[in-house]
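1. Turn this into a model:
(one chain, ligands or ions: 2)
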Amino acid sequence: MKSYISLWPAHAPKLRFPRTLAILGSTGSIGVSALDVVAQHPDLFRVAALAGGKNAARLAEQAATFRPGVLAVLDEDVATELKGLLPGGYAPEILVGPAAYETVAALPEADLVLSAIVGAAGFLPTLAAARAGKRIALANKESLVLGGRLIRKACQASGAVVLPVDSEHNALFQALCGHNGDEELAKLILTASGGPFRGRDAAFLASVTPAQALNHPNWSMGAKISIDSATLMNKGLEVIEACHLYGLPVSRVDVLVHPQSIVHSLVEYVDGSQLAHLGVPDMRIPIAHSLCYPRRVALAMPRLDLASAQNLTFEAPDDTLFPCLGLAKAAYAASHSHPVALNAANEVAVELFLKGRIAFLDIPRLIEAALARHAALPEDCDAAELIAADNDARRETMAACC
Ligand code: NAD
Ligand code: MG
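-> Residues are numbered from 1 along each chain as shown. Ligands and ions are numbered 1, 2, ... in the order given. Model prediction:
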């Protein structure tokens, strides 16, 4: 098989339990859910390191419970606040600043790294984990959007393995287990809830507020991915993520809107069979699957009851009203670095929208303009060049709108 096989189970080294875990982004939505899984199975994990951002109170609480030897935060002020909140007699090493996340990702005492920082800030730490040969449970889809090729190359060189946490890609991974080779694979079908604005018209979208956009119908998530779900950019980033993970061209990754978020994605084989993964919309399922793979563990949470579930419905996405999905596909097809500009412009636009400085429909406009400005980088460019392109697109997007 020629797909992103460094993550494939048959080639993956066995990882024994208890697994020693480092979490990048422990204070976020994914990080909190992951620690709930760990708390439900304390015999399966030792927590070696927790890296938060600026939420010292939550990180201190997590650290007091799981007692990792290493903590990381974004700046000195947060570090000082954190030190004041830790229980007496417990003195972990506290690392500070953006480079600290790369140190945590490559920590010798950790064999499993959960990459759950939000946005492009997750790229270099994920790359560091890949270079250090870790097993990586990957939630941070933006790192593949930015530098999927570099991460794949690093995995191939080091023996690192990536297991997808993103619910759709985890669903695909489960539905792909057991297939005999890429020639049997017809296409991947990513499901999308459609977000809070499914079925609305352009006039409605023109005046939606951040609070309305944050109000996702099915999933409870961080702010950035919630807005991405409302614009369908989340699905666009996920199409790119799927291309990197499973080695298929964008033309063989379809998107199907499924408002109930019960079917998490499907694989279609050449004989016409479609294999789906179903479950309640709760990230603890894919998180536990990727942290424990190949073992399945019991989870204390509501179960899917299909007899009492509402109808499961499916429809094509509205590409005209939600252009971000098409922009993401176009970026991936344009060059390997156009997704860098797409992602950077999106991060800037989402932040400006959340601050009330631009309208919802300005988000795709700013992204389209960033893609038009971007000049493709050479195929063999390195991480520093990708980061420079990311910075350029951020600066130019900011200048274009303010
Ligand atoms: P979140 O905003 O809830 O949490 C983000 C975490 O990253 C926090 O711990 C924060 O402190 C940290 N962080 C933020 N900026 C940082 C920076 N510059 N440097 C270091 N740390 C920083 O986000 P989330 O919803 O948990 O999403 C995390 C990632 O997982 C995203 O890439 C998202 O697309 C992906 N994901 C999330 C979900 C979900 O249900 N939340 C589902 C699938 C994929
Ligand atoms: Mg997803």
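2. For Glu102, grab phi and psi.
-> Here is the backbone geometry of Glu102 (degrees, to the nearest 10): phi -70, psi -40.
3. pretty sure it is touching Phe123, no?
-> No - in this structure, Glu102 is not within contact of Phe123 by Cβ atoms under 8 Å, at 10.2 Å. For glycine as for every other residue, the C-beta is placed from the backbone atoms N, C-alpha and C.
4. More neighbours: the two, which one.
-> It is Phe123, of Glu102 and Phe123, that has more neighbours when counted by other Cβ atoms under 10 Å, with 27 against 19.
5. near ligand 1 at all, whichever helix or strand the more buried one is part of?
-> Using DSSP states H and E, Phe123 falls within helix 123-131. No - figure legend: helix 123-131 not in contact with ligand 1 (Cβ under 6 Å from any ligand atom); closest approach 7.8 Å.
6. for that helix, packing partners?
-> helix 98-105, strand 112-115, strand 135-138, helix 141-158, helix 383-401 (3 or more Cβ pairs under 8 Å, 6 or more residues apart in numbering; DSSP states H and E).
7. now what about it, what contacts it?
-> 24, 51, 98, 101-106, 113, 115, 117, 136, 138, 140, 142-143, 146-147, 150-151, 154-155, 157-158, 160, 162, 383, 386-387 (Cβ atoms under 8 Å, 6 or more residues apart in numbering).
8. Now which of those would you call buried?
-> Among the contacts of helix 123-131, those scoring as buried are 24, 51, 101-106, 113, 115, 117, 136, 138, 140, 142-143, 146-147, 150-151, 154-155, 160, 162, 383, 386-387 (criterion: 16 or more other Cβ atoms under 10 Å).
9. Any regions of this protein where pLDDT drops low?
-> Low-confidence segments of the chain, defined by pLDDT under 70: 1-12.
10. just the strands in it please.
-> 19-24, 45-51, 70-73, 93-96, 112-115, 135-138, 161-164, 185-192, 253-257, 263-269, 274-278 (DSSP state E).
11. next one: the third one to chain centre, how far?
-> The offset between the C-alpha centroid of strand 70-73 and the centroid of the whole chain comes to 21 Å, using Cα atoms, centre = their mean, to the nearest Å.
12. And the longest one, by the same measure?
-> With Cα atoms, centre = their mean as the basis, strand 185-192 stands 18 Å off its chain's centre.
13. the inter-axis angle of it versus strand 253-257?
-> On the basis of axes from the mean of the first three to the mean of the last three Cα atoms, to 10 degrees, strand 185-192 is oriented at 30 degrees to strand 253-257.
14. Let me know how buried Leu371 is, in neighbour terms.
-> 19.
15. Walk me through the domains of this structure.
-> Using automatic domain parsing, the domain ranges for the chain come out as 9-165, 180-280+305-325, 335-402.
16. so which of those comes closest to Arg295?
-> domain 9-165 (7.5 Å; Cβ to Cβ).
17. Save the strands of the chain as CSV, and put in distance to ligand 1 too.
-> Output for these, formatted as CSV (distance: least, Cβ to the nearest ligand atom, whole Å):
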stretch, distance to ligand 1
strand 19-24, 7
strand 45-51, 7
strand 70-73, 8
strand 93-96, 11
strand 112-115, 8
strand 135-138, 9
strand 161-164, 9
strand 185-192, 12
strand 253-257, 16
strand 263-269, 11
strand 274-278, 14
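18. highest average neighbour count across those strands?
-> strand 112-115 (a mean of 29; mean count of other Cβ atoms under 10 Å).
19. what about that strand, distance to the chain center?
-> Worked out by Cα atoms, centre = their mean, strand 112-115 lies 12 Å from the chain centre.
20. go on, stretch 380-394?
-> The answer for stretch 380-394 is 20 Å, by Cα atoms, centre = their mean.
21. Would you mind measuring from the residue nearest to Gly222 when sequence neighbours are not counted to Thr80?
-> Spatial nearest neighbour of Gly222, chain neighbours left out: Ser29 (4.6 Å); criterion: Cβ to Cβ, 6 or more residues apart in numbering. Counting by Cβ to Cβ, to the nearest Å, the separation of Ser29 from Thr80 is 26 Å.
22. Those two - which one has more neighbours?
-> Using other Cβ under 10 Å as the criterion, Ser29 and Thr80 rank with Ser29 on top: 19 against 13.
23. Do I have it right that the more buried one meets Met221?
-> Yes - with contact defined as Cβ under 8 Å, Ser29 counts as touching Met221 (5.2 Å).
24. and for those two, which residues touch both?
-> Met283.
25. give the contact list for Leu205.
-> Residues near Leu205 by Cβ under 8 Å, 6+ apart: 197, 321, 360-361.
26. and which of those is nearest to ligand 2?
-> Proximity to ligand 2 was ranked across those by Cβ to the ion; first place goes to Phe197, at 17.3 Å.
27. Wait, that closest one touches Ser207, no?
-> No - checked against Cβ under 8 Å, the pair Phe197 and Ser207 is beyond contact range at 11.5 Å.
28. So which residues on the stretch 1-150 of the chain come close to ligand 1?
-> Counting by Cβ under 6 Å from any ligand atom, the positions of the stretch 1-150 of the chain adjacent to ligand 1 are 25-31, 52-53, 55, 74, 101, 116-118, 121-122, 139-142.
29. which ones are touching Pro98?
-> Neighbouring residues of Pro98 by Cβ under 8 Å, 6+ apart: 74, 121, 124.
30. In TSV: those residues, plus neighbour count and distance to Ala345.
-> Shown next, in TSV, are those (neighbours: other Cβ atoms under 10 Å; distance: Cβ to Cβ, whole Å):
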residue	neighbour count	distance to Ala345
Leu74	18	23
Ala121	18	16
Leu124	22	20
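31. Spatially nearest residue to the residue of the chain found nearest ligand 2 (excluding sequence neighbours)?
-> The nearest approach of the chain to ligand 2 comes at Asp166, 4.2 Å away (Cβ to the ion). Nearest residue to Asp166, sequence neighbours excluded (Cβ to Cβ, 6+ apart): Lys141, at 5.6 Å.
32. Thank you, goodbye.
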